[in-house]
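> Here is the input, now give the coordinates:
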Amino acid sequence: MADNTNKKASNIFDSSLFLLIVIASVVVLNIILALPNTPSLRYDLTEDGLYTLSDASKGMVGGLTEDVKVKFFVSENLQYPDHNLEQRVADLLSEYEANSNGRFTFEIIHPEASEEAEKARDEGTGEDKPAAADGATEEPRDDPSEEGPKGFGIQKIPVGVRGDDQVGLRLVYKGLAMLAGDRTEVIKEVKGTDNLEYEISKRIKLLTVPEEARHKVGFVQGFGGPADSPEFVQGINQAFEQIYGNLLTATAVKPADGEIPPDVDALVILAPNQPVSDVARFRIDQFLMSGKGVAWLQTTMAPNPQMPMLPMRQPVVTGLNGQFKAYGLELHDDLILDRKNNIVGLVFTQRGLAQVSNPTMPIFTDIDRESVITRDIQMLSFPLSSSISVTAPALENADIKVVELVKAEPEAVRWENVASVDYDKVAEPQDGETKGAWLMAASLQGPMASAFTGQEVPAGVEAPARREKAETAARIVVVGNGDFMFPNRQTGYGNQYPSLGALFLLNMVDWLVQDEDLISIRSKGIPRVITEVETEEHSTYQIGNIVGVPALFGLLGILVWFARRQRRNALKL
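Numbering: from 1, shown residues only. Below is the predicted model of the structure:
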């Protein structure tokens, strides 16, 4: 009996000692990690690395050639959802600092404390201090208008507060200023940290990239389509301002009226609906041959302008098909339908206006994961889209890099000579349609031959230094649709699909101007579109939920019971 009592006492002592050792280890580890010079140990489990500094940001801050200092002005004791904003911002800034080779530093400032001390000093209610001798001046102090938040244009933001017995507003600071030499960039309100890495890295570029090295993209005008709208370029620049600051600006380019300005780095031909003149096509060709980038986003069919609400369609003739075919990408006058993978929207049917699965708005998930244009985009949809193909000039030239950016699903079908998109026809298989994983968007990079090789220079063009072959940096993108970034809620093309299309366009522009630093950062946390579960998988998931989860917990209970039984048996020995 005494032996059993001694064994129990020994087991209790060993268990207690082990528990004390574990607790002491955790305490010591926390003390070590809390030391100022100890790097934080964290592991980011998010799919996009939302809480880890991207390689692009690391390269950007690691390549700084001058000091960048950050001042984060934040009020204390913020309520939810900003209750841990200060810590989250500090963690992110610490990562920048750790990768900057000493060039990036930051400080957290609580302005109210400084303002109260300043007010107390001005009112003479601060600490007693010796009076200045006759003729002496008081020691100068920092001017809060220069060093404080107001000096950077950072004002207090009203936020809702909730107490035990009241609800109201509180004015708080949540602003961030970045300084490099005599240049300053400001985030007047940090609304969260989900997109803060992009905003900080963008401002590092704004502080360090000289004006002459910034980029300009030209949208071709003069041949109809969205770009011909007087407000289009202005609207694009407003969007670019929010996204890029002034790292990238948009401008209108009219190649039929004159030479393309030399400061334009890329051209976007956005869904023209009129023939492009020979003069304009030649100038676009020579622009590409100079080693720059051109994107052609084209919807190949349009409604009858006299009866736009009816399903009849007529071909859009631009004259660009042969030109881009010569480079290596051919756009076909067809329509790609997918009756299985598509968007549900409002469509006119024989029964009237109805919410149906619309084959003319296919969803694409076969997206290239290597190209910076598409690697972080999980899904796209191109309404009323056409297919493209890679032609012999590109396939046979080993110096040209071909990337198939977006492909349709294998169930998709192709219609040629489309005259109507009547739902009751597109919803059912038709004679002559062909099935396949059609190519919907592609890019080329390399020394493409001029589309005007062996042809006379169009009349009215002065081309003393005509180029017959592109420089190796030349880039083109062709997409069989020009409407994927414009929402149309009447047809169901809304919500996340135009947003993903806009991201696709932004990534495309960055690639064309050959400035890809911000693409991977901007793509963090983009929306994931939840796809429909296959019918045959429904029963599997249902059985898993109904039977699998309880069975898992039951098995866990059995294991715990068995472990306790084994322990009791050991104590009896």
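> Which positions within the helix or strand that contains Phe73 qualify as buried?
In the assignment (DSSP states H and E), Phe73 maps to strand 68-74. Neighbour-count burial for strand 68-74, counted by 16 or more other Cβ atoms under 10 Å, picks out Val68, Val70, Lys71, Phe72, Phe73, Val74. In short, each C-beta sits where N, CA and C put it, glycine included.
> pLDDT averaged over it - what is it?
For strand 68-74, mean pLDDT is 96.
> need the next SSE after that strand, C-terminal direction.
helix 85-98.
> where does the stretch 201-350 of the chain have low pLDDT?
350 (pLDDT under 70).
> For it, just list every one of the strands.
According to DSSP state E, counting those that start in this stretch, the stretch 201-350 of the chain carries its strands in the segments 215-220, 248-253, 266-270, 293-297, 301-303, 313-315, 329-331, 334-337, 342-349.
> One more: the stretch 51-200 of the chain?
68-74, 104-109, 157-162, 167-172, 174-180, 183-187.
> who wins for proximity to Leu337 among those strands?
strand 183-187 (45.8 Å; Cβ to Cβ).
> Against which helices or strands is that closest one packed?
For strand 183-187, the packing partners by 3 or more Cβ pairs under 8 Å, 6 or more residues apart in numbering; DSSP states H and E come out as strand 174-180, helix 196-208.
> CA-only coordinates of the shortest one, as CSV, when you get a sec.
Which is strand 174-180. Extracted in CSV, the C-alpha atoms of strand 174-180 (Å, rounded to 0.1, in the frame of the first residue of the first chain):
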residue,chain,number,x,y,z
LYS,A,174,-4.9,57.3,-38.1
GLY,A,175,-2.5,58.9,-40.5
LEU,A,176,0.9,58.0,-41.9
ALA,A,177,3.6,60.2,-43.4
MET,A,178,6.7,59.0,-45.4
LEU,A,179,9.7,61.2,-45.8
ALA,A,180,12.7,60.9,-48.1
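> and it, which strands flank it?
strand 68-74 (antiparallel), strand 183-187 (antiparallel) (DSSP bridges).
> can you tell which of those is closest to Val478?
strand 183-187 (36.4 Å).
> Sort out which residues of the closest one are buried, please.
Thr184, Glu185, Val186, Ile187.
> So of the residues you listed, which two are at opposite extremes in space?
Thr184 and Ile187 (11.2 Å).
> joint contacts of the two?
Common contacts of Thr184 and Ile187, defined by Cβ atoms under 8 Å, 6 or more residues apart in numbering, comprise Ala177.
> any chance of the helices and strands packed on strand 183-187 in a markdown table, plus distance to Arg103 and mean neighbour count?
Output for the helices and strands packed on strand 183-187, formatted as a markdown table (distance: least, Cβ to Cβ, whole Å; neighbours: other Cβ atoms under 10 Å):
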| stretch | distance to Arg103 | mean neighbour count |
| --- | --- | --- |
| strand 174-180 | 9 | 22 |
| helix 196-208 | 10 | 21 |
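> want to try TSV for those, with distance to Phe348 as columns?
Compiled in TSV, the helices and strands packed on strand 183-187 are given as follows (distance: least, Cβ to Cβ, whole Å):
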stretch	distance to Phe348
strand 174-180	49
helix 196-208	42
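> between those, which one is nearest to Ala239?
Closest to Ala239 of these is helix 196-208 (Cβ to Cβ; 14.1 Å).
> what does that closest one rub up against?
53-54, 56-57, 60-61, 64-66, 68, 70, 89, 92-93, 96, 176, 178, 180, 183, 185, 187, 190, 244-247, 517-518, 521-522, 524.
> Just the CA trace of it, in PDB.
In PDB, the C-alpha atoms belonging to helix 196-208 read as follows (Å, rounded to 0.1, in the frame of the first residue of the first chain):
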ATOM      1  CA  LEU A 196      -1.500  48.800 -46.600                       C
ATOM      2  CA  GLU A 197       1.500  47.000 -48.000                       C
ATOM      3  CA  TYR A 198       0.500  48.100 -51.500                       C
ATOM      4  CA  GLU A 199       0.000  51.700 -50.300                       C
ATOM      5  CA  ILE A 200       3.400  51.800 -48.600                       C
ATOM      6  CA  SER A 201       5.300  50.200 -51.500                       C
ATOM      7  CA  LYS A 202       3.600  52.400 -54.000                       C
ATOM      8  CA  ARG A 203       4.700  55.500 -52.000                       C
ATOM      9  CA  ILE A 204       8.200  54.200 -51.700                       C
ATOM     10  CA  LYS A 205       8.200  54.200 -55.600                       C
ATOM     11  CA  LEU A 206       6.700  57.700 -55.600                       C
ATOM     12  CA  LEU A 207       9.500  58.900 -53.300                       C
ATOM     13  CA  THR A 208      12.300  57.200 -55.200                       C
END
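> What is the lengthiest strand in the chain packed up against?
Taking DSSP state E as the criterion, the chain has its longest strand at strand 352-364. If contacts are counted by 3+ Cβ pairs under 8 Å, 6+ apart, strand 352-364 sits against strand 334-337, strand 342-349, strand 380-381, helix 423-426.
> List the buried residues in it.
Val356, Ser357, Asn358, Pro359, Thr360, Met361, Pro362, Ile363, Phe364.
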